[in-house]
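K.L.:
Have a look; sequence and predicted model below, questions after that.
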4 protein chains.
Amino acid sequence: MSHNTFGHLFRVTTWGESHGPALGCVVDGCPPGIALTEADIQPWLDRRRPGQGKFVTQRQEPDAVRILSGVFEDSRTGGQVTTGTPISMIIDNVDQRSRDYSEIAQAFRPGHADYAYFAKYGVRDYRGGGRQSARETAARVAAGAIARKILAGVTIRGAVVQIGPHAVAPERIDFDIAAENEFWAPDAAIVPVWTEHLEKVRKAGSSTGAVVAVEATGVPAGWGAPIYGKLDAELAGALMSINAAKGVEIGAGFASAALSGEENADEMRMGNDGPMFLSNRAGGVLGGISTGQAVTARVAFKPTSSILALRQTLNEKGEEIDLRTKGRHDPCVGIRGTPVVEAMTACVLADAFLRHRAQTGGGAFTLG
Amino acid sequence: MSHNTFGHLFRVTTWGESHGPALGCVVDGCPPGIALTEADIQPWLDRRRPGQGKFVTQRQEPDAVRILSGVFEDSRTGGQVTTGTPISMIIDNVDQRSRDYSEIAQAFRPGHADYAYFAKYGVRDYRGGGRQSARETAARVAAGAIARKILAGVTIRGAVVQIGPHAVAPERIDFDIAAENEFWAPDAAIVPVWTEHLEKVRKAGSSTGAVVAVEATGVPAGWGAPIYGKLDAELAGALMSINAAKGVEIGAGFASAALSGEENADEMRMGNDGPMFLSNRAGGVLGGISTGQAVTARVAFKPTSSILALRQTLNEKGEEIDLRTKGRHDPCVGIRGTPVVEAMTACVLADAFLRHRAQTGGGAFTLG
Amino acid sequence: MSHNTFGHLFRVTTWGESHGPALGCVVDGCPPGIALTEADIQPWLDRRRPGQGKFVTQRQEPDAVRILSGVFEDSRTGGQVTTGTPISMIIDNVDQRSRDYSEIAQAFRPGHADYAYFAKYGVRDYRGGGRQSARETAARVAAGAIARKILAGVTIRGAVVQIGPHAVAPERIDFDIAAENEFWAPDAAIVPVWTEHLEKVRKAGSSTGAVVAVEATGVPAGWGAPIYGKLDAELAGALMSINAAKGVEIGAGFASAALSGEENADEMRMGNDGPMFLSNRAGGVLGGISTGQAVTARVAFKPTSSILALRQTLNEKGEEIDLRTKGRHDPCVGIRGTPVVEAMTACVLADAFLRHRAQTGGGAFTLG
Amino acid sequence: MSHNTFGHLFRVTTWGESHGPALGCVVDGCPPGIALTEADIQPWLDRRRPGQGKFVTQRQEPDAVRILSGVFEDSRTGGQVTTGTPISMIIDNVDQRSRDYSEIAQAFRPGHADYAYFAKYGVRDYRGGGRQSARETAARVAAGAIARKILAGVTIRGAVVQIGPHAVAPERIDFDIAAENEFWAPDAAIVPVWTEHLEKVRKAGSSTGAVVAVEATGVPAGWGAPIYGKLDAELAGALMSINAAKGVEIGAGFASAALSGEENADEMRMGNDGPMFLSNRAGGVLGGISTGQAVTARVAFKPTSSILALRQTLNEKGEEIDLRTKGRHDPCVGIRGTPVVEAMTACVLADAFLRHRAQTGGGAFTLG
């Protein structure tokens, strides 16, 4: 697998820098015959788009996606469908604000990947963060939109469940309402708390971390595979690859460390629709294979390192300098990270579905 | 990548079931000319071996490893070295205690992967958990021992930092002493606390979760790669693939969600040996690339689901049954998980080193 | 893909040297529920086995295969089936004749890979050719036997169609009789010609090249995929990876260079069982995708370089020496290469089947 | 590896159809710091471009390449260099002549991949052959241009050595002159012969096959790897993936089948620059590893199936029809295939170089 590709059978290769002419991705391995036009993808991009609301970056990008290949008219229906060949998508960069980069061109912004890129490559596109910019995640969201089309019957919803020290109580989480507010908050009651917190953060030129939860319902039992293709391991890798992610948990996650076996193991009974579990500490995955329960995960996002405070750092000459990171930034990257978490979950699941179908034909064995 | 292989260039393929004749792995892509005999591998296996101490499974396995290929005498030194060809290692299963499996052969133990395997494959080796058994991790430890030989200058140490509700205070963690006690405890003061807790757990026929920390020092800047080959993403996937793992964090991890940008971003100064950081919230990785700081991660392990309590579940016929999981089990799988966490970290780092060397020649750009 | 693994979903990792304790392979990705015991594999190994007939190496190897993992009793039928987990197979090396290797230990046998291995690795197991020995192909044949089990309805047959300058006339090729003689000759009339030729070669301590043909019937339309997963490209890579292979053709192959478009393109009509072609210059593959016709390929094998004549070469010190390659060798490696060609074809087809099933569900669109 | 990606570390993903808005590729894994602008790539594309000369398709395409990502100014030299991130290249389709496709939209052109695509996907872009069009090879040539930049010291040259029944005598092949005529002929004396032949073919509305040879000099010993990453096996797969390729040989190839061991094995002596071989039947590869000799291969191209003769075939309804393939076509695809053969050889070698550097550090062991 290469550095800029993820997935095994549903494969996504992304490219592009923050301030280059465009960014995009190639989605390979998509099944043929799936209805697909730009209109299936654009709404998901619109949800991730910058410039919406007070607490995200003010960069204005229409993020209009164009499909360059891999679709054609279906001779039977006349509608546009996937052909099974690679789907190339491109998103032009529009608002690459012309500015003076001389201050940071050879300086390492603390907490950014500047120094690491320099040490590895000796050269980097410093404009807007280059390849390390969160703009790359637009390509992930475009790919995720295609993954969702493959996943008929699966619903994937994300929500912010913590901003700074303010977490939503688990019992109050309602994924249905998350898309209705600018924070992806699954609890209306937390909105004023976060608003106040972020207002303070923004005024201080600071930033704050967050936790994003995601839930995929409708995933049948049997997806994923031991030992190194485990569904939860693939999910962990994919989610941790999102910019600013620092932790991933599945199901009860870190809380399970404090539990006893009796508290943790989900018991089973026979429901009307087949096997059912009496709880979901497992997060819908056992032994790396889906159980038919909702697949649940949580991702910790660090606060963005782009803040107004003067910080100690170095430049390429090895000189000690103090640096302030100006520019347009998200005070809480977790918010716009939510659609990205959903997209990566969709991609992992679509890939798991195809792999499962390859090895077994695609069904699940039933009891009785 | 296939289901039972991990790594890109340093590749490990494992095979074997708990109660089959043997288990093992094939390590492919190892550089040639590295001194290697069974004596380099056995000590690491001995650290993971069952049957040692009161709080791990009483199954008696010598876990003696044999190398079947990939090594030969060096014509210059006469010592045995790797030849660059695949290294096949085998570990015989010795203590496959003959017992009656009729009770669980067609029943799904709650919290185990039994049901998920059945739904996917329609068939499973139920003896001792078959492929889902933690015995598979012996092969990972053997591979990790080879990875360590590649990683000259890198030191990888793990420790249990929480058992049940009892966590070690971060400032008291001393990796140097972890290997000295049966709990991999990095703080002598916690030993009596854990002993008392585990004694209760064991007597109750219950189990408990744990958190394992790992730290790799000596990793130079520049390993790992954006965007989907990020060092932390690879680490997250590899660690989450360990049996019973439910969460992974890098550096400050989930705690970073509550931090401000000022608190989180690690500042830099020039030290005697080059660039240095004034803190390590990043866990040694920025933008998916190592920074030269210690790479740090933590893994949450759930309590094993093998407990004596009677639990509600189903069998293959779809009948509701109550089941008690007898047999020899670890009351706290996190303890024996520690060497496995180390091994997976070693494998990921060895792979990152080779990939870095491929793309860049292997060095790091320096300042000045 | 790693160096010692081939296949994407049906993946085979082989290991072992000619004179090590054993050799073997791990087959990963096999569908579950397929009846499999050693008795399904051994007959194919017996066909490749050395020590049979005058014109193959006299090394005596029983090549008895043992399955170490990946199979278990089916709870419904009681028979042994694949479980979907990795199948590890091992074949002990028995007749590693103890001899004096001092002459070749540091010398490069002309035409062998000795020098190339040395230049790359600086170390090599020189006993019997080490990893470059054709003994490795036993593992391929074992894997191929499993691939055949997956390929219900597909028949794969190989035959030697040329030895030295003596080729079988195309119109006389009858794959049905190839397994009946010691040469895999598909034409009884060629047997005395080859016998006389090989008798001379053997007496002269020389060797001779050969061409092996393979034909897979029953492959449905739709397997393989553009652009870099083409069925014929995968086949070419797999067949060229066999020891001593120097050329691969599909269908009309090199002869198509001299044809006109009218002569080359296979016309179509409607047959009783669906679309049929009036000729098969394409070798059953168009655009990298199977057409439903027989998949046909031919592989050129060079004469083995192990001959009794004194040859000019170098040793590790860079000294010019003259060397005679003693030992037990096949005067015509193409003969024993035939079952290997079949096995590689089976593995490629099984892989193509699984990949096709992943992307499309596994069927083929029909006309009308 | 996915369907539309090739390479392991130097990875090329191509996309695009003949009559879509554009085609392109993403090159991932390129080392950083390599000087690269469009001017390094365009000349290679110009060599493959249609509309040049009487005997290639008259489609007029400027094939102007644009680099969209992966390059930036080097802070030390100010020149544009690769950054180590993915290089996205795009080539607009300009001359997608608007025409009436109703005749072939649902018919299968004999000898084309139409039927195979339909059987697999149920849908295909029939305009100009869609994804199966040779236009896709422009992306390969663009990638090959980057591969050449990585391969400092390696020279890769192709030539047509046979058109129809007219072959160049081996001893007359001079790669230096091949780029000087419209046929890539390495022998000036063959030019009038081929001109006459192709004139006849063109007038008859027919087509003819060809053989292309390629030679890479300057490849050091040690590249490639046993057993399934053999340099010649990778080359065979890559070359066979080119449109219309039906055969691949390395070194003496199929001719080696008729040789004796004495004739075939290349002897060695010590030259002024180190080990030298007295012949090159091996084609520069032994045991899958380069020997330091020129790497040589030959590819057979079938005659294109687009001819004016009326041919028997079927349509999507299963009806028997007679079809004539009109349009703009190459009467001998092998001619324009030559730069593609060179490009694929470059990509395979660049990949082998990176993999070799990963495992061994990149050097070769020397004698003495």
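P.N.:
Thanks, I have it. Residues are numbered from 1 along each chain as shown, chains lettered A, B, ... in the order given.
K.L.:
only C-alpha atoms for contact and neighbour calcs from this point on.
P.N.:
Noted.
K.L.:
So the lowest-mean-pLDDT helix or strand in chain A, near chain D or not?
P.N.:
Within chain A, no helix or strand scores below helix A:102-105, which has a mean of 81 by mean pLDDT, DSSP states H and E. No: against chain D, helix A:102-105 shows no contacts by CA under 8 Å from any CA of the partner chain, the least distance being 8.6 Å.
K.L.:
which outside residues touch whichever helix or strand comes after that helix?
P.N.:
Next in sequence after helix A:102-105, counting helices and strands by DSSP states H and E, comes helix A:114-121. When contacts are defined by CA atoms under 8 Å, 6 or more residues apart in numbering or on different chains, helix A:114-121 is touched by residues A:107-109, A:123-124, A:126, A:129, B:221-223, B:286-287, B:289-291, B:360, B:363-366, D:32-33, D:83-84.
K.L.:
And the strands in the stretch 151-300 of chain A, which stretches?
P.N.:
For the stretch 151-300 of chain A, the strands defined by DSSP state E, counting those that start in this stretch occupy A:155-163, A:166-167, A:210-217, A:245-250, A:268-271, A:274-277, A:285-286, A:289-290, A:295-301.
K.L.:
most packed of those?
P.N.:
strand A:245-250 (a mean of 31; mean count of other CA atoms under 10 Å in any protein chain shown).
K.L.:
can you tell me the residue of chain A closest to chain C?
P.N.:
With CA to the nearest CA, the shortest gap between chain A and chain C falls at A:Ala358, namely 4.1 Å.
K.L.:
which non-adjacent residue is nearest A:Phe257?
P.N.:
Check again: residue A:257 is Ala, not Phe. In space, and not counting its chain neighbours, A:Ala257 is closest to B:Gly209: 3.8 Å by CA to CA, 6 or more residues apart in numbering or on different chains.
K.L.:
Would you list the phi and psi of the one you found?
P.N.:
Backbone geometry at B:Gly209, expressed as degrees, to the nearest 10, gives phi -80, psi -180.
K.L.:
returning to what we had before: the contacts of helix A:114-121: which ones sit near chain C?
P.N.:
Okay, of the contacts of helix A:114-121, nothing touches chain C (CA under 8 Å from any CA).
K.L.:
Need the buried ones from those residues selected in ChimeraX.
P.N.:
Restricted to buried positions by 16 or more other CA atoms under 10 Å in any protein chain shown, the ChimeraX selection for these reads:
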select /A:107,108,109,123,124,126,129 /B:221,222,223,286,287,289,290,291,360,363,364,365 /D:32,33,83,84
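K.L.:
out of the contacts of helix A:114-121, which are inside helices?
P.N.:
Secondary structure assignment by DSSP state H places B:Thr360 of the contacts of helix A:114-121 in helices.
K.L.:
Nearest approach to B:Gln60 belongs to which of the strands of the stretch 151-300 of chain A?
P.N.:
B:Gln60 sits nearest to strand A:285-286 of all those, at 26.6 Å, using CA to CA.
K.L.:
Strands of the stretch 1-150 of chain A, start to end?
P.N.:
Using DSSP E, counting those that start in this stretch, the strands of the stretch 1-150 of chain A run over A:5-6, A:11-16, A:22-28, A:65-67, A:71-73, A:80-82, A:87-92.
K.L.:
can you redo these as TSV with mean neighbour count?
P.N.:
Output for the strands of the stretch 1-150 of chain A, formatted as TSV (neighbours: other CA atoms under 10 Å in any protein chain shown):
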stretch	mean neighbour count
strand A:5-6	24
strand A:11-16	28
strand A:22-28	27
strand A:65-67	19
strand A:71-73	23
strand A:80-82	21
strand A:87-92	22
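K.L.:
Could you export the ones you listed as CSV, including mean pLDDT and distance to B:Ile150?
P.N.:
Shown next, in CSV, are these (pLDDT from 0 to 100; distance: least, CA to CA, whole Å):
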stretch, mean pLDDT, distance to B:Ile150
strand A:5-6, 96, 26
strand A:11-16, 98, 30
strand A:22-28, 98, 35
strand A:65-67, 98, 45
strand A:71-73, 96, 46
strand A:80-82, 98, 45
strand A:87-92, 98, 39
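K.L.:
will you turn the ones you listed into a markdown table that also has distance to chain D?
P.N.:
Shown next, in a markdown table, are those (distance: least, CA to the nearest CA, whole Å):
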| stretch | distance to chain D |
| --- | --- |
| strand A:5-6 | 9 |
| strand A:11-16 | 5 |
| strand A:22-28 | 7 |
| strand A:65-67 | 9 |
| strand A:71-73 | 6 |
| strand A:80-82 | 8 |
| strand A:87-92 | 6 |
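K.L.:
Which among the ones you listed is found nearest to chain B?
P.N.:
Nearest to chain B, of all those, is strand A:5-6, at 6.0 Å by CA to the nearest CA.
K.L.:
follow-up on the earlier one: I'd like the strands of the stretch 151-300 of chain A as a markdown table, with distance to B:Gly237 appended.
P.N.:
Converted to a markdown table, the strands of the stretch 151-300 of chain A look like this (distance: least, CA to CA, whole Å):
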| stretch | distance to B:Gly237 |
| --- | --- |
| strand A:155-163 | 21 |
| strand A:166-167 | 26 |
| strand A:210-217 | 17 |
| strand A:245-250 | 10 |
| strand A:268-271 | 28 |
| strand A:274-277 | 26 |
| strand A:285-286 | 15 |
| strand A:289-290 | 15 |
| strand A:295-301 | 14 |
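K.L.:
Tabulate these in TSV, adding columns for distance to chain D and mean pLDDT.
P.N.:
Below are the strands of the stretch 151-300 of chain A laid out as TSV (distance: least, CA to the nearest CA, whole Å; pLDDT from 0 to 100):
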stretch	distance to chain D	mean pLDDT
strand A:155-163	26	98
strand A:166-167	37	98
strand A:210-217	26	98
strand A:245-250	20	98
strand A:268-271	39	96
strand A:274-277	34	96
strand A:285-286	26	98
strand A:289-290	23	98
strand A:295-301	24	98
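K.L.:
Distance to chain B for those - can I get that in JSON lines?
P.N.:
Formatted as JSON lines, those follow (distance: least, CA to the nearest CA, whole Å):
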{"stretch": "strand A:155-163", "distance to chain B": "7"}
{"stretch": "strand A:166-167", "distance to chain B": "8"}
{"stretch": "strand A:210-217", "distance to chain B": "4"}
{"stretch": "strand A:245-250", "distance to chain B": "4"}
{"stretch": "strand A:268-271", "distance to chain B": "4"}
{"stretch": "strand A:274-277", "distance to chain B": "8"}
{"stretch": "strand A:285-286", "distance to chain B": "5"}
{"stretch": "strand A:289-290", "distance to chain B": "6"}
{"stretch": "strand A:295-301", "distance to chain B": "5"}
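K.L.:
Out of these, which is closest to B:Leu235?
P.N.:
The closest of those to B:Leu235 is strand A:245-250. By CA to CA, the value is 11.1 Å.
K.L.:
Run through the neighbouring helices and strands of the closest one.
P.N.:
Here strand A:245-250 touches helix A:231-240, strand A:295-301, strand B:245-250, going by 3 or more CA pairs under 8 Å, 6 or more residues apart in numbering or on different chains; DSSP states H and E.
K.L.:
ok so, going back, what about dumping the CA coordinates of the least confident helix or strand of chain A to PDB?
P.N.:
Extracted C-alpha coordinates of helix A:102-105, given in PDB (Å, rounded to 0.1, in the frame of the first residue of the first chain):
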ATOM      1  CA  SER A 102       8.300  34.800   4.200                       C
ATOM      2  CA  GLU A 103       7.900  34.600   7.900                       C
ATOM      3  CA  ILE A 104       7.000  30.900   8.000                       C
ATOM      4  CA  ALA A 105       8.600  29.700   4.800                       C
END
